[in-house]
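Enquirer: need a 3D model of the following:
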Amino acid sequence: MRWTRRNTERFKQLTANVVVGVILLGAVALAGCDVPQSWHKGARSSDGDAAAVAAASVTPGTPIIVPASTAPVVPRIVTYDEAEAAFRSGSYAEATELFGSYVETKSENPWGYYMLGLSAWKSGDHQRAEQAFERALALDPKHVKSYLNLARVLLETARPADALARVDSALTLDSLSNVACRLRGRALGALGEFEQAVEAYRRAITLDERDAWSMNNLGLLYLQ
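Expert: Modelled structure (predicted):
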């Protein structure tokens, strides 16, 4: 009986020692782990805690990239007067960009597209000029100046037949336009219709007896 009690006491003592040992080993292992301090304290996750956790998990020597705050970019509003001032000063490339920005906010104004076409044409961008004049005419089919300047662009890009069609549309709207008659003479001359071209230039000079361009072109046509 004594032997049984004595062995039982020894077994209890041995069990207690094992439990204490396991607890101590667990504490040592936990202390050696790379666990953020906030976790030990039982703190809840928040924006500040997330930043601390992220910082703790970065390998030493690795640069931390903090995303910059991106504020919305508000586009600058370009006025018609501002763009026109650039055109009148002879800064045609700048005027092209300014009128390009202007029509983005005033897409219903045919004059904006007309001036965009005029600026692009004078800066040498025939494709953009043609597109702008066509857009102006889509908004206002009676915009005579867009027909005439589109005809100039088409003549410079070796499309006299297309230019003649635009000129005739302008003359339908304004039969007394000497500029339209002059451009008609140019288009007909490029197509080899010399007699009709002479007639068109004479008509232009009749409408404006000071039209030196028509006189010059008519003289060149006679030489040919």
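Enquirer: for G219, give its distance to A180.
Expert: For G219, the distance to A180 equals 20 Å [Cβ to Cβ, to the nearest Å]. Where you see a C-beta, it was placed from the backbone N, CA and C, and this is true even at glycine.
Enquirer: please read the previous query as pertaining to V103.
Expert: Counting by Cβ to Cβ, the gap from V103 to A180 is 26 Å.
Enquirer: with L218 instead?
Expert: For L218, the distance to A180 - Cβ to Cβ - is 16 Å.
Enquirer: do R152 as well
Expert: From R152 across to A180, the span is 11 Å (Cβ to Cβ).
Enquirer: more crowded one of the two?
Expert: Neighbours were counted for R152 and for A180 using other Cβ atoms under 10 Å; A180 has more, 27 against 20.
Enquirer: pLDDT averaged over the helix or strand hosting the more buried one - what is it?
Expert: Taking DSSP states H and E as the criterion, A180 maps to helix 178-190. Throughout helix 178-190, pLDDT has a mean value of 98.
Enquirer: other SSEs contacting that helix?
Expert: helix 144-156, helix 160-173, helix 194-207, helix 212-223 (3 or more Cβ pairs under 8 Å, 6 or more residues apart in numbering; DSSP states H and E).
Enquirer: next, the angle from the shortest one to helix 178-190.
Expert: Read it as helix 212-223. Calculated by axes from the mean of the first three to the mean of the last three Cα atoms, to 10 degrees, helix 212-223 forms an angle of 20 degrees with helix 178-190.
Enquirer: poorly predicted segments of the chain, please.
Expert: Residue ranges of the chain with pLDDT under 70: 1-71, 73-74.
Enquirer: ok, the residue nearest to A161 when sequence neighbours are not counted - how many residues close by?
Expert: Spatial nearest neighbour of A161, chain neighbours left out: L191 (6.6 Å); criterion: Cβ to Cβ, 6 or more residues apart in numbering. Neighbours of L191 under the rule other Cβ under 10 Å: 14.
Enquirer: any idea how far L191 is from E104?
Expert: In terms of Cβ to Cβ, L191 sits 38 Å off from E104.
Enquirer: got a list of what Y102 touches?
Expert: V78, T79, Y80, A83, G112, L116 (Cβ atoms under 8 Å, 6 or more residues apart in numbering).
Enquirer: what about the last one, which SS state?
Expert: Classification of L116 by DSSP: H, G, I helix; E, B strand; the rest coil places it in helix.
Enquirer: please apply the same query to the fifth one.
Expert: Here G112 takes the helix state, with states given by three-state DSSP.
Enquirer: my read: it touches F99, true?
Expert: Yes - the criterion here is Cβ atoms under 8 Å, and G112 meets it with F99 at 6.2 Å.
Enquirer: the more surrounded of these two?
Expert: For G112 versus F99, the count of surrounding residues by other Cβ under 10 Å is larger for F99: 29 against 25.
Enquirer: just give the nearest non-adjacent residue to that one, would you?
Expert: L116 (3.9 Å).
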